[in-house]
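K.L.:
A structural model of the following input is requested.
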Amino acid sequence: MSEQNITRINLDGKELILIGTAHVSKQSAEQVKEVIEAERPDSVCVELDEQRYQSIMDSDKWKDMNIFKVIKEKKATLLLMNLVISSFQKRMAKQFGIKPGQEMIQGIESAEEVGAELVLADRNIQITFARIWYNIGFWGKAKLLMEIFGSIFNKEEISEADLEKMKEQDMLDSMLHEFTVSFPKLKVPLIDERDQYLAQKIKEAPGKKVVAVLGAAHVPGIKNEIHNENDLKAISKRPPKSKAPTIIAWMVPIIILSIIGYTFFMNPSVGLDLTLSWILWNGSFAALGAAIAFGHPLSIITAFIVAPLSSLNPLLAAGWFAGFVEAYLRKPKVGDFENLSEDVFTVKGFWSNMVTRILLVVVLTNLGSALGTFVGGADVIRQFIQNILGA
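P.N.:
Residues are numbered from 1 along each chain as shown. The predicted structure follows:
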């Protein structure tokens, strides 16, 4: 049995065997099977949480998705992000003719075959996303979104030899260093905290012999953290919600309405101009977002009508209304849900699949409305200063 990519640790009378994998490598899946069958451990830990475990075990779950419920629960952006993030990994997996996460599936199956207890060792993905989002700030969010969405335009193929090189220690350290330079605040919740969580779950796994199936990026950190006691509750807390966005969200409509109301009192014709400016800028950008998503004409019209009003109420969003109209007029067919995992490979697929198109209508309409609020608000203030304060 090859010991490459395998780390053995003896800790408090337990033998811990870490297998560092590349998530779309055929050799990784084969090695997982070989190691578990040879070692016959008491427990097998996999780098999954309950949500991702259910997703892997029920590949047809998309067929049961209620798109109206997704929009209503304000999860359209999160779902679209998940699909975009997974598309790059799925494209590489398709290139090598295996399922993404095949090594995790193999770990689950092999654990059952040898009678080992399965341990889902990773932190809840929603907690990880929340802590990432909290830590990186406004410009970090913008940069991360651009990087993620840019990944679906990347058609570069990676050789399996390159994938295997990713598992080499020196190459890995270099990659993590570059990752830290690009997104220094992102590395803490995405890598460091999960290293701590995974390490604690692995050493708490039942039995004297434990095999852990892990992405190679986590192995160095786990080797360091395995000797420390980590508080799982502390690193599993959702970060506190900042009050600043809520304050700003309410201040903007108060300022805009106050300016327009005062202007109507001082000069009704200028007040009308300010109102029209707000409506046109806000409605036009929101409608443009819906149009870029190839939304139905009525969805685009809905975006135009609703955006100037929803931008004055932080509890509403133009994208929700446009998304509901899109979902009603262009109900996703069974085939759209069945093809979802394939369609996320390409930009064309994202726009042609009715499920992802509805999500794009919601997200791009909201982005357009946000931009329209900024531009329209600036124009309202400019006209107010010129025509009222400057008079």
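K.L.:
okay, now the unreliable bits of the stretch 1-150 of the chain?
P.N.:
1-2, 23-25, 58-65, 78, 81-100, 136-150 (pLDDT under 70).
K.L.:
redo that, cut-off 50
P.N.:
Within the stretch 1-150 of the chain, no stretch has pLDDT under 50.
K.L.:
residues of the longest helix along the chain that come out buried?
P.N.:
Longest helix in the chain, counting residues (DSSP state H): helix 354-384. In terms of neighbour count (16 or more other C-beta atoms under 10 Å), helix 354-384 has its buried residues at 354-373, 376-377, 379-380, 383-384. C-betas here are computed from N, CA, C, even on glycine.
K.L.:
what segments of the stretch 1-150 of the chain are helices?
P.N.:
For the stretch 1-150 of the chain, the helices defined by DSSP state H, counting those that start in this stretch cover 26-39, 50-57, 67-72, 76-95, 102-114, 125-135, 137-151.
K.L.:
now the stretch 201-350 of the chain
P.N.:
With DSSP H, counting those that start in this stretch as the criterion, the stretch 201-350 of the chain has helices spanning 219-225, 244-266, 268-292, 297-310, 318-329, 334-338, 340-343, 347-352.
K.L.:
so for the fourth one, mean pLDDT?
P.N.:
Translated: helix 297-310. If you average the pLDDT over helix 297-310, you get 96.
K.L.:
tell me what it is packed against?
P.N.:
Applying 3 or more C-beta pairs under 8 Å, 6 or more residues apart in numbering; DSSP states H and E, one finds that helix 297-310 contacts helix 268-292, helix 318-329, helix 354-384.
K.L.:
can you check the fifth one too?
P.N.:
Using 3+ C-beta pairs under 8 Å, 6+ apart as the contact criterion, the neighbours of helix 318-329 among helices and strands are helix 67-72, helix 268-292, helix 297-310, helix 354-384.
K.L.:
so who does the spatially closest residue to residue 310 that is not a sequence neighbour touch?
P.N.:
Counting by C-beta to C-beta, 6 or more residues apart in numbering, residue 310 lies nearest to residue 316, which is 4.0 Å off, once chain neighbours are set aside. Listed by C-beta atoms under 8 Å, 6 or more residues apart in numbering, the contact set of residue 316 reads 306, 309-310.
K.L.:
so among those, which ones count as buried?
P.N.:
Buried, going by 16+ other C-beta under 10 Å: 306, 310, out of these.
K.L.:
which single one of the contacts of residue 316 is nearest to residue 21?
P.N.:
The nearest member of these to residue 21, counting by C-beta to C-beta, is residue 310 at 45.5 Å.
K.L.:
pretty sure residue 264 contacts residue 271?
P.N.:
Yes - taking contacts as C-beta atoms under 8 Å, residue 264 lies within contact range of residue 271: 3.3 Å.
K.L.:
with neighbour numbers in mind, choose between the two.
P.N.:
residue 271 (21 against 15; other C-beta atoms under 10 Å).
K.L.:
low-confidence regions, the stretch 151-300 of the chain specifically.
P.N.:
Across the stretch 151-300 of the chain, the ranges flagged by pLDDT under 50 are 166-176.
K.L.:
tell me the domain ranges of this protein?
P.N.:
6-236, 244-389 (automatic domain parsing).
K.L.:
most tightly surrounded among those domains?
P.N.:
domain 244-389 (a mean of 19; mean count of other C-beta atoms under 10 Å).
K.L.:
how far off centre is it?
P.N.:
How far domain 244-389 lies from its chain's middle: 22 Å, per C-alpha atoms, centre = their mean, to the nearest Å.
K.L.:
ends of it, how far apart?
P.N.:
29 Å (C-alpha to C-alpha, to the nearest Å).
K.L.:
start the count at 489, not 1, going forward
P.N.:
Okay, residue one is now 489; in that scheme the one you just asked about reads as domain 732-877.
K.L.:
quick one: mean pLDDT over the longest helix of the chain.
P.N.:
Averaged across helix 842-872, the pLDDT comes to 90.
K.L.:
follow-up on the earlier one: can you lay out the helices and strands packed on helix 785-798 as TSV showing distance to residue 500?
P.N.:
What follows is these, written out as TSV (distance: least, C-beta to C-beta, whole Å):
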stretch	distance to residue 500
helix 756-780	56
helix 806-817	52
helix 842-872	48
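K.L.:
between those helices, which one is closest to residue 673.
P.N.:
The nearest among these, by C-beta to C-beta, is helix 842-872 at 22.8 Å.
K.L.:
hang on, the earlier thing: could you redo the helices and strands packed on helix 806-817 as JSON lines and give each row distance to residue 740?
P.N.:
Listed next are the helices and strands packed on helix 806-817 as JSON lines, based on distance: least, C-beta to C-beta, whole Å:
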{"stretch": "helix 555-560", "distance to residue 740": "24"}
{"stretch": "helix 756-780", "distance to residue 740": "11"}
{"stretch": "helix 785-798", "distance to residue 740": "12"}
{"stretch": "helix 842-872", "distance to residue 740": "6"}
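K.L.:
who wins for proximity to residue 730 among those?
P.N.:
The closest of the helices and strands packed on helix 806-817 to residue 730 is helix 842-872. By C-beta to C-beta, the value is 17.1 Å.
K.L.:
report the angle between the axes of the closest one and helix 785-798?
P.N.:
40 degrees (axes from the mean of the first three to the mean of the last three C-alpha atoms, to 10 degrees).
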